[in-house]
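*Asks:* next input, structure requested:
(chains A and B)
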Amino acid sequence: MTAAAARPAVVRGPRSGRTRLRTVPWGVVAASAVLVLVLLVVAFPGLFTSRGPLEADPLQAFLPPGQGGLLGTDQLGRSVWSRVAYGARYSIFIAVAATVVGVLVGVAIGLAAGLGGRVTDEVTTRGLDVVAAFPAILLAIVLVTIVGPGIPTVIVALGIASVPRYARIVRAETHVVRRSGYVEQSVTFGLRRSTLVVRHVLPHAVVSVPILATIGLGTCILAASSLSFIGLGPKPPSPEWGAMLSDGRNYLQLAWWISVFPGVAIVAVVVAVSVVGRRLQRHFEHREQS
Amino acid sequence: MTALDTQAAPTVDAPLAPTVDAAPSRARVGGRTGTPGVVGRRLLGTVLVLWASVTVAFVALQLAPGSAVDALVPPTVRTPEALAAVTAEWGLDRPLVQQYGDYVVRLLHGDLGTSYQLHRPVIDVIGSQMGPTVQLATAGLGVAVLLAVILAVSTAGRPWASRIAGGAELAIVSIPEFWLGIVLLFVFSFSLGWFPVAGAGGVSSLVLPAVALGLGLVGLISQVLREGVERSLEQPYTLSVRARGVSETGLRLRHSLRHASLPVVTLLGWLVGGLLGGVIIVEQVFGRPGIGVVALQAAQARDLPVVLGIALLSALVYVTVNTAVDLLALLIDPRLRSRS
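*Replies:* Just a heads-up that it's a prediction; the model follows:
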């Protein structure tokens, strides 16, 4: 980013600075609208559907969209729309919880690495390398083997997998902040180390974490539904999106809507989260520059 | 994410450099003499990551329920004498430190332990299923690189095209592999009948899985590649290349692409590590045999040695590829050699 700022504006011609001056693009507005809608569905699923997610009616099985409610019915005659609506809770809850775990642990580790001595720093950095060497799904499989499947396992696995991204950025920022003039001056003033860290280092080291976390949330939603899909998350009767897809796969030839709509929901939410996250990131980077 | 990490790295390493090279004997004369140091540091890091993974695996084996003796003695011949004999033979009654040493030595000899569930060496269990997985991973990566190069080179520096491609990339990255796989199955196997529905027989059964695995990566690679091509198109040298009468396509393919390839090579190293995650899911969707199926069955049966074997193998692939990529980067870009 700094390279882009240092480049003479002439090279880019009339395009330079356009993104900065533009009002919020329609894509971001649409993405925000989707997110608000999803949050409403998570909070009050009953407002959007009159049928329960587990209400079966074998006489109404495999009805296509339109005939059997908004998005059709599945093999047991349950409303796909109702299941997608109630399923939002699982994905959002797991992703938020995993991100909270990742952020808390990541910030603590990053801060420790950034403030500690060379040995602490080196050991932590290598440790983060080790965690980063494993894909989230593999971490989850290892954890499931040791403690058994379930929502807590998924949350912890995805949380651990996202620790390095937060820890690395906090460590880097801490390194910069601790060498800055005002911190050195505070040390000269004889400020207590704990006060210094909490009041001066921490706030500066974590500025970019919320933005990273927004983008990380999308990754977690994807990973969580993937884990349910392969049977390591919430089990089939529960309307988790990944589990619904896995369930509907057996009836693909007969009723595509059972597996297609939960997937559409995942993609919509992840795209919306990423668009908003990137917008925040760009906004933040521009503010940093000016 | 990766972009952020790579950006952060130099800022972090720079202030540390003087302390590292403080000893006069290690002081460098010129840029080039730094190469062995850089390579050595990188290799040391590789060994450390592997060693830490192995140690974590050993701790997990110790803490987890289910004992190694039960795995080694088949249920049919499980007498107290047999158990005692096996315990003594494998040194399971010895102190933990010694067992740890044995574990490391056995790993170095390629012995990943014995499956609790199948009573077979883990290395055989994994080895017998390796082929289809390697095929799928290679094909997926190939699809990803090919599509990404086409997408990035054709849209870079063209405002409208690159905005549309940027949107498409974001959408592609956000599509879960399993859903993409199911949609591909529905359209091309069930509806059109172009490709087989399941299995791993021949090239035709590899096409859909490779696309399902690779398409998500296309978005990531193409983002980085297009940015690189755009940056290199703004360099002054493009003017002289154009002045020599080289066509736009020739310029992009022969010059810009080469300049943009370095960050992509680094990114590919990262992606290979994460590839196994996607492979596990794609194998599940398309009913293909492979490591993913082995891993999931082992997880369900709580067969820890097999799962850890796969995890260690994945870590080995990850660090090997990334070390190779880092060394390759030193070869491609001499400027990196002087950095400590």
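
*Asks:* every contact and neighbour count from this point should use C-alpha atoms.
*Replies:* Will do.

*Asks:* can you tell me how far residue A:44 is from residue B:95?
*Replies:* Separation of residue A:44 from residue B:95 (CA to CA, to the nearest Å): 57 Å.

*Asks:* those two: which is more packed in?
*Replies:* residue A:44 (14 against 9; other CA atoms under 10 Å in any protein chain shown).

*Asks:* what's the pLDDT at the more buried one?
*Replies:* As predicted, residue A:44 sits at a pLDDT of 81.

*Asks:* list the contacts for residue 260?
*Replies:* Using chain A. When contacts are counted by CA atoms under 8 Å, 6 or more residues apart in numbering or on different chains, residue A:260 touches A:245, B:179, B:183.

*Asks:* oops, chain B please
*Replies:* B:225, B:226, B:227, B:228, B:229, B:232.

*Asks:* mind listing which of the residues you listed are in helices?
*Replies:* B:225, B:226, B:227, B:228, B:229, B:232 (DSSP state H).

*Asks:* tally of neighbours for the fifth one?
*Replies:* Yep, that's residue B:229 we're talking about. Count around residue B:229 with other CA under 10 Å applied: 24.

*Asks:* now it: how far from chain A?
*Replies:* Residue B:229 sits 14 Å away from chain A, going by CA to the nearest CA, to the nearest Å.

*Asks:* for the stretch 201-340 of chain B, which residues are neighbours of chain A?
*Replies:* B:234, B:273-277, B:281, B:284, B:295-296, B:298-304, B:307-308, B:311, B:314-315, B:318-319 (CA under 8 Å from any CA of the partner chain).

*Asks:* just the buried residues out of these, in PyMOL syntax.
*Replies:* Provided next is the PyMOL selection string for whichever of these are buried by 16 or more other CA atoms under 10 Å in any protein chain shown:
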select buried, chain B and resi 273+274+275+276+277+281+284+295+296+298+299+300+302+303+304+307+308+311+314+315+318+319
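
*Asks:* ok, residue B:276 touching residue A:136?
*Replies:* No - judged on CA atoms under 8 Å, residue B:276 makes no contact with residue A:136 at a distance of 9.9 Å.

*Asks:* what sits against the spatially most central residue of chain A?
*Replies:* Within chain A, one residue has its C-alpha closest to the average C-alpha position: by CA atoms, centre = their mean, that is residue A:217, at 0.8 Å. Going by CA under 8 Å, 6+ apart, residue A:217 touches A:95, A:96, A:99, A:273.

*Asks:* now do the buried residues in the host helix or strand of residue B:182.
*Replies:* Residue B:182 belongs to helix B:177-184 when elements are defined using DSSP states H and E. For helix B:177-184, the neighbour count (16+ other CA under 10 Å) marks B:177, B:178, B:179, B:180, B:181, B:182, B:183, B:184 as buried.

*Asks:* try stretch B:127-145
*Replies:* Within stretch B:127-145, the residues that count as buried by 16+ other CA under 10 Å are B:129-130, B:132-133, B:136-141, B:143-145.

*Asks:* wait, which of the residues you listed is closest to residue B:53?
*Replies:* Nearest to residue B:53 among these, counting by CA to CA, is residue B:130 at 21.1 Å.

*Asks:* isn't the closest one right up against residue B:293?
*Replies:* No - in this structure residue B:130 lies outside contact range of residue B:293 using CA under 8 Å: 10.9 Å.

*Asks:* tell me which residues of stretch A:140-149 come out buried.
*Replies:* A:140, A:141, A:142, A:143, A:144, A:145, A:146, A:148, A:149.

*Asks:* just to revisit the earlier point, by neighbours, which of the contacts of residue B:260 wins?
*Replies:* residue B:225 (28 neighbours).

*Asks:* now do the contacts for it.
*Replies:* So residue B:225 contacts B:148, B:149, B:152, B:153, B:257, B:260, B:261, B:263, B:264 (CA under 8 Å, 6+ apart).

*Asks:* just to revisit the earlier point, now the contacts of residue A:217 in CSV, with pLDDT?
*Replies:* Formatted as CSV, the contacts of residue A:217 follow (pLDDT from 0 to 100):
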residue, pLDDT
A:95, 92
A:96, 93
A:99, 95
A:273, 89
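
*Asks:* may I see these organised as a markdown table, with distance to residue A:29, neighbour count and secondary structure added?
*Replies:* Output for the contacts of residue A:217, formatted as a markdown table (distance: CA to CA, whole Å; neighbours: other CA atoms under 10 Å in any protein chain shown; DSSP: H, G, I helix; E, B strand; the rest coil):
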| residue | distance to residue A:29 | neighbour count | secondary structure |
| --- | --- | --- | --- |
| A:95 | 23 | 26 | helix |
| A:96 | 22 | 21 | helix |
| A:99 | 24 | 31 | helix |
| A:273 | 12 | 25 | helix |
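
*Asks:* ok, those residues vs residue A:120, which is closest?
*Replies:* Using CA to CA, the contacts of residue A:217 come closest to residue A:120 at residue A:99, 24.8 Å.

*Asks:* is it true that that closest one touches residue A:164?
*Replies:* No - distance between residue A:99 and residue A:164: 11.8 Å, which falls outside the contact criterion (CA under 8 Å).

*Asks:* assign a three-state SS to the residue of chain B positioned farthest from its centre, would you?
*Replies:* Taking CA atoms, centre = their mean, the residue of chain B most remote from its mean C-alpha position is residue B:81, at 44.8 Å. The local conformation at residue B:81, judged by DSSP: H, G, I helix; E, B strand; the rest coil, is helix.

*Asks:* what's the angle between whichever strand or helix holds residue B:205 and helix B:177-184?
*Replies:* Element membership for residue B:205, per DSSP H and E: helix B:204-233. Using axes from the mean of the first three to the mean of the last three CA atoms, to 10 degrees, the inter-axis angle of helix B:204-233 relative to helix B:177-184 is 120 degrees.

*Asks:* buried residues in the next helix or strand after helix B:204-233?
*Replies:* Next along the chain after helix B:204-233, taking DSSP H and E as the criterion, comes helix B:237-243. For helix B:237-243, burial by neighbour count (16+ other CA under 10 Å) applies to residue B:238.

*Asks:* any idea which helix or strand comes after helix B:237-243?
*Replies:* Downstream of helix B:237-243 (by DSSP H and E), the next one is helix B:248-250.

*Asks:* tell me how far that following helix lies from the chain's centre.
*Replies:* Once both centres are worked out by CA atoms, centre = their mean, to the nearest Å, helix B:248-250 turns out to sit 33 Å from its chain's centre.

*Asks:* pLDDT weak spots in the stretch 1-150 of chain B?
*Replies:* For the stretch 1-150 of chain B, applying pLDDT under 70 flags the ranges B:1-35, B:65-75, B:89-91.

*Asks:* then the stretch 151-300 of chain B?
*Replies:* B:197-201.

*Asks:* one step back: for the helix holding residue B:182, packing partners?
*Replies:* helix A:257-289, helix B:204-233, helix B:257-286 (3 or more CA pairs under 8 Å, 6 or more residues apart in numbering or on different chains; DSSP states H and E).

*Asks:* right, so the ones you listed: which one is the most enclosed?
*Replies:* helix B:204-233 (a mean of 23; mean count of other CA atoms under 10 Å in any protein chain shown).
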